[in-house]
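Asker: What would the 3D arrangement of this be:
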Amino acid sequence: MEKKYILVVDEGTTGTRAMLFDREMKIVGQAYKLIQSHFPSEGSFEQDAEEIFNSSVEMCREVVRTTGIDVGEIACAGVTNQRTSWVFWDKDTGKPLRNMVSWLDTRGSYQIPKWDASKEFNAIFPGLAPHLPPLYMPLILDLLKDREPEFKARFEQGNILYGTVDAWLVYKFTGGKVHATVPSNASNSTIYDSPTMSWVTPMLDFVGMKPEMMPEVREESGDFGCFTADILGVELPILSVVADQQSALFSQGCHAEGTAKCTNGTGTFIDLNLGKTHRVVPGLTTTVAWKLDGTVNYMAEGMSNTTGACIEWVKNNLKLFDSYDNLENEITSVPDNGGVYFVPALNGMGIPFSDSSARAAFLGASGAAKREHFVRAAVEAVAYSGSAMFLAAQEQGVQLSEIMISGGVSKSATMAQIMANVTGARIVRPKSVEATALGAAQLAAIYRGWLTKEDVRSMVQRYQVFTPNNQQQKYVDNYKIWLKAVDRSSHWLDNVL
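Answerer: Numbering: from 1, shown residues only. Next comes the predicted model:
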């Protein structure tokens, strides 16, 4: 039977999607399911790793069922995933020791004073503790060991494995035969050193993590074993694994140094290709974009954790609008934000503000403010957050004249136009904003020999290009007011965290 399709599992923060691509990298089917999130304490954000695996399997079966495609026609699979989130599981049973800790978790803040006062820690890592981010994996692990005796006891028994979401899924998909990750995920785990491409063993030793717990690090395009036959009825080769933001950077053709993209999903991420040289861009985080054919490509990233999640919150919790299909009509039903500004800090503000203590707020509302103004303010906040990262890079001498955008909120022409006005750059929206899954499909196709990197760049289809218009000065001024709102919401919980 002719092999015509590639199956991609796109495991995001809010849900799991399975997508089928044909050899021309066109989407022929998809299935999606929301994932439940848990917030057991202040600053915590957890998910059930078993639910993530089961949902992935369910969506793979669903997309095959709804498209009517014979599984024998599927050549291979790829995996892309939310980054930094991590879990420990029993090596024999494959059962998680506890819930997965999400990349949005900020509980590490509570552990920083303990480490800062620790003579043992400072003897090994002098002065490091106050500079660690709240999502730092060893901080949260140490906190859990302090607060959860049962977890600590099981952790110290050994015979357990560690992994970010990709490693967990690959392990489960292959029936425990493959325990592997990739540089794009490892470098965002907070315990992997990107310049040397190795795990940070002194820190792992400090928190009791053993080398045998760690996954093997393989290239993003390669052999990751096979789906077990019970998943789809055949043993399907897994030929790519890649972190979500890096996958979008790849699929949008940003392969050359100086090219950039902005993804507006659960969070807003701006990623700048740095080429083959690891270098620090102040205000941004340097990480690995991908490793292909033995060559490592680096990128610098800015991140605002909960911009897209805030739109979801405005919809589901505040009930300010009903449907994403009508979102653009909602925000264009008023000429501007009516003086209302929104700070998208449900769980702190990311780069370049780096304030885990900040909290979300609407500011500037007057008696004339209507529901639509609040909705528009939330969408404008996505544009302002992305612009802040872009401008931070500019201040460090990074010249970017064009940014490719993707993700659900990028469907808003208003958001894209505001970003163009604030940054002065060309904002390019491709025909499809589903860039994350596409990158995983393309990397699998490259390993199979269906595509080359040159083919990937030629596939990018520009749908809309936004350039500064006659309202540029208005939105530059509004951006300055938004920064004032961010300042008012900053350090909100300094006396708590």
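
Asker: Give me the below-cutoff pLDDT ranges for this protein.
Answerer: Within the chain, the segments meeting pLDDT under 70 span 433, 495-497.

Asker: what pairs with the biggest strand by length in the chain, and is each one parallel or antiparallel?
Answerer: Longest strand of the chain, by residue count under DSSP state E: strand 295-304. With DSSP bridges as the test, strand 295-304 is paired with strand 268-275 (antiparallel), strand 285-292 (antiparallel).

Asker: how much space between Arg376 and Ala358?
Answerer: According to Cβ to Cβ, to the nearest Å, Arg376 and Ala358 sit 21 Å apart. Glycine gets a C-beta too; all of them are placed from N, C-alpha and C.

Asker: Report the secondary structure state of the residue of the chain most remote from its centre.
Answerer: Residue farthest from the centre of the chain, counting by Cα atoms, centre = their mean, is Gly367 at 37.8 Å. Here Gly367 is coil, with the state taken from DSSP: H, G, I helix; E, B strand; the rest coil.

Asker: ok, now how distant is it from Lys453?
Answerer: 56 Å.

Asker: And Ala377, by the same measure?
Answerer: In this view, Ala377 and Lys453 are 41 Å apart by Cβ to Cβ.

Asker: Those two - which one has more neighbours?
Answerer: With neighbours defined as other Cβ atoms under 10 Å, Ala377 and Lys453 compare such that Ala377 has more, 28 against 16.

Asker: my read is the more buried one is in a helix, agree?
Answerer: Yes. Looking at Ala377 with three-state DSSP, it is inside a helix.

Asker: what sits against it?
Answerer: For Ala377, the contact set (Cβ atoms under 8 Å, 6 or more residues apart in numbering) comprises 337, 340-342, 362.

Asker: which non-adjacent residue is nearest the residue nearest in space to the middle of the chain?
Answerer: Central residue of the chain (Cα atoms, centre = their mean): Gln82, 4.7 Å from the mean position. The spatially closest residue to Gln82, leaving aside those adjacent along the chain, is Thr13, at 4.7 Å (Cβ to Cβ, 6 or more residues apart in numbering).

Asker: mind listing the helices for the stretch 351-497 of the chain?
Answerer: 371-395, 413-423, 435-448, 453-459, 472-489 (DSSP state H, counting those that start in this stretch).

Asker: Can you say which of those helices is nearest to Glu120?
Answerer: Proximity to Glu120 (Cβ to Cβ) singles out helix 371-395 among the helices of the stretch 351-497 of the chain, at 35.7 Å.

Asker: Next, the buried residues of that closest one.
Answerer: 372-393 (16 or more other Cβ atoms under 10 Å).

Asker: Could you do stretch 139-158 as well?
Answerer: 139-145, 152, 154-155.

Asker: what would those look like in JSON lines with distance to Gln399?
Answerer: Putting the buried residues of stretch 139-158 into JSON lines (distance: Cβ to Cβ, whole Å) gives the following:
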{"residue": "Leu139", "distance to Gln399": "36"}
{"residue": "Ile140", "distance to Gln399": "37"}
{"residue": "Leu141", "distance to Gln399": "40"}
{"residue": "Asp142", "distance to Gln399": "41"}
{"residue": "Leu143", "distance to Gln399": "41"}
{"residue": "Leu144", "distance to Gln399": "43"}
{"residue": "Lys145", "distance to Gln399": "46"}
{"residue": "Lys152", "distance to Gln399": "50"}
{"residue": "Arg154", "distance to Gln399": "51"}
{"residue": "Phe155", "distance to Gln399": "47"}
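
Asker: Check the residues you listed and tell me the two furthest apart.
Answerer: Maximum pairwise distance in those, criterion Cβ to Cβ, is 19.7 Å, between Leu139 and Arg154.

Asker: ok so, going back, could you look over the strands paired with strand 295-304 and pick the most buried one?
Answerer: Mean neighbour count (mean count of other Cβ atoms under 10 Å) peaks for strand 268-275 among these, with a mean of 25.

Asker: now it, how far from the chain's geometric center?
Answerer: Counting by Cα atoms, centre = their mean, to the nearest Å, strand 268-275 is centred 12 Å from the centre of its parent chain.

Asker: again, but for stretch 130-149
Answerer: The chain centre lies 21 Å from the centre of stretch 130-149; the measure is Cα atoms, centre = their mean.

Asker: Which positions in stretch 413-424 come out as buried?
Answerer: Neighbour-count burial for stretch 413-424 flags 414-423 (criterion: 16+ other Cβ under 10 Å).

Asker: Could you single out the nearest of those residues to Thr196?
Answerer: Using Cβ to Cβ, Thr423 comes nearest to Thr196 of these, at 34.1 Å.

Asker: thought the closest one was touching Leu391?
Answerer: Yes. Taking Cβ atoms under 8 Å as the definition, Thr423 is a contact partner of Leu391 at 6.6 Å.

Asker: Quote the end-to-end distance of stretch 16-27.
Answerer: End-to-end distance for stretch 16-27: 16 Å, by Cα to Cα, to the nearest Å.

Asker: what do you get for stretch 116-135?
Answerer: This stretch, stretch 116-135, spans 16 Å end to end (Cα to Cα).

Asker: go on, stretch 398-408?
Answerer: Stretch 398-408 end-to-end distance (Cα to Cα) = 27 Å.

Asker: residues of that stretch that come out buried?
Answerer: For stretch 398-408, the neighbour count (16+ other Cβ under 10 Å) marks 398, 400, 403-408 as buried.

Asker: Could you list which of those residues belong to strands?
Answerer: If you go by DSSP E, these have 403-406 in strands.

Asker: out of the residues you listed, which one sits closest to Phe88?
Answerer: Proximity to Phe88 was ranked across these by Cβ to Cβ; first place goes to Ser406, at 32.0 Å.

Asker: Chain neighbours aside, what residue packs nearest to that closest one?
Answerer: Leaving aside its sequence neighbours, Ser406 sits nearest to Ala435 (Cβ to Cβ, 6+ apart; 3.7 Å).

Asker: which residues sit in contact with that neighbour?
Answerer: Contacts of Ala435 were listed using Cβ under 8 Å, 6+ apart, and they are 247-248, 251-252, 261, 263, 404, 406-407.
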